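Novice: got a structure for you, letters missing:
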């Protein structure tokens, strides 16, 4: 049987990292007391150090930079499709005018 995947709130993750950074507990000690893996807590700490307030955006929400990248890729795909349609229409009209 497979285990269900646990999810943690942003507040829990921040509080867990604060146990290590502000309270002076070791990563393994804090992880053991919270019932999570030490490596998971290390990843949360790295993410919080690197991204600050934008860390842990939540389920289904992307960080602002990734959201903008997703939007720009969608725009490029749309504009490429429009360009291809216009190329085909130009070729069609040029052939009919002969």
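Specialist: Ah, there it is. Quantities reported herein were computed from a predicted structural model and do not represent experimental measurements. Residues are numbered from 1 along each chain as shown.

Novice: show me the contacts for residue 20.
Specialist: 26-27, 30, 41, 45 (C-beta atoms under 8 Å, 6 or more residues apart in numbering). Glycine gets a C-beta too; all of them are placed from N, C-alpha and C.

Novice: Quick check on residue 6: phi, psi?
Specialist: phi -80, psi 140 (degrees, to the nearest 10).

Novice: Local confidence estimate at it?
Specialist: Per-residue confidence at residue 6 stands at 83 (pLDDT).

Novice: Please apply the same query to the one 10 residues further on.
Specialist: Here, the pLDDT recorded for residue 16 equals 91.

Novice: before we move on, back to that, buried among the contacts of residue 20? Need that as a selection in ChimeraX.
Specialist: Filtering these down to the buried ones (16 or more other C-beta atoms under 10 Å) takes a single ChimeraX command:
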select :27,30,41,45
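
Novice: State the pair within the contacts of residue 20 that is farthest apart.
Specialist: Largest separation among the contacts of residue 20 by C-beta to C-beta: 26 and 45, giving 11.8 Å.

Novice: Of all the residues in stretch 30-43, which ones are buried?
Specialist: In stretch 30-43, counting by 16+ other C-beta under 10 Å, buried: 30-31, 36, 40-41.

Novice: what's it in contact with?
Specialist: Under C-beta under 8 Å, 6+ apart, the answer for stretch 30-43 is 8, 16-17, 19-20, 23, 25, 27-28.

Novice: separation between residue 31 and residue 22?
Specialist: 16 Å (C-beta to C-beta, to the nearest Å).

Novice: tell me, what residue is most central in this protein?
Specialist: Taking C-alpha atoms, centre = their mean as the criterion, residue 62 is the residue nearest the geometric centre of the chain, at 4.5 Å.

Novice: Now it: closest residue in space, sequence neighbours ignored.
Specialist: In space, and not counting its chain neighbours, residue 62 is closest to residue 70: 6.6 Å by C-beta to C-beta, 6 or more residues apart in numbering.

Novice: So which residues of the chain form helices?
Specialist: 10-21, 27-34, 38-51, 64-96 (DSSP state H).
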